[in-house]
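J.: All I have is the shape, not the residue letters:
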């Protein structure tokens, strides 16, 4: 089963949103607590550009298996123009098959080509699998904001990780 990593098309937005909603339901993969719909995600989708801040999908057997986005960090503040935030999600049916790794490798290559020096990722501290994934790719813990996320009546730390690309 071949996996193709490609820029997302608007026609992928339903699948992207479905994957994101799966993450919301876990209560540990995002700060959103309400399910999203594709129509409301359209401005976010259109804010990505293939040139600098792409939204990539992993397509396997004509299904979107996962996605990754690079977004501006502190948009509009020129001092941070060489830094991008990376976000990634994999459909539950395709987890632990290397999809996220393929997406991250493509993000590294794109970042180096487009002049991004640093990637940052923001996570809930109890998302242990994602933290392990980032560490595997050389990300290091840069900071912790204690107990600022409130999910289902519980408080969680918000952590951020970073990696220099060059």
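T.: All right, it came through fine. A quick note: this is a predicted structure, and the numbers were derived from the prediction, not measured.
J.: Who are the packing partners of the helix ranked longest in the chain?
T.: Looking across the chain with DSSP state H, the single longest helix is helix 99-114. Packed against helix 99-114 by the contact rule (3 or more Cβ pairs under 8 Å, 6 or more residues apart in numbering; DSSP states H and E) you find strand 3-7, strand 55-60, strand 63-72, strand 83-90, strand 118-124, helix 128-136. Where C-beta positions appear, they are placed from N, C-alpha and C, glycine not excepted.
J.: can you tell which of those is closest to residue 152?
T.: With Cβ to Cβ as the criterion, residue 152 lies closest to strand 118-124 of those, at 12.0 Å.
J.: helices or strands next to that closest one in the packing?
T.: Packing contacts for strand 118-124, counted by 3+ Cβ pairs under 8 Å, 6+ apart, involve strand 83-90, helix 99-114, helix 128-136, strand 140-151, strand 154-164.
J.: Now do that strand against helix 128-136, angle only.
T.: 160 degrees (axes from the mean of the first three to the mean of the last three Cα atoms, to 10 degrees).
J.: can you list contacts of strand 118-124?
T.: With Cβ atoms under 8 Å, 6 or more residues apart in numbering as the test, strand 118-124 has contacts from 28-31, 70, 73, 82-87, 107-108, 111, 130-131, 134, 139, 142, 149, 151, 156-165.
J.: can the helices and strands packed on helix 99-114 go into TSV with extra columns for distance to residue 99, mean pLDDT and mean neighbour count?
T.: Listed next are these as TSV, based on distance: least, Cβ to Cβ, whole Å; pLDDT from 0 to 100; neighbours: other Cβ atoms under 10 Å:
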stretch	distance to residue 99	mean pLDDT	mean neighbour count
strand 3-7	7	97	14
strand 55-60	5	98	22
strand 63-72	4	98	21
strand 83-90	5	98	22
strand 118-124	17	98	20
helix 128-136	11	97	15
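J.: Make TSV out of the ones you listed and add distance to residue 24.
T.: Shown next, in TSV, are the helices and strands packed on helix 99-114 (distance: least, Cβ to Cβ, whole Å):
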stretch	distance to residue 24
strand 3-7	24
strand 55-60	18
strand 63-72	14
strand 83-90	10
strand 118-124	12
helix 128-136	14
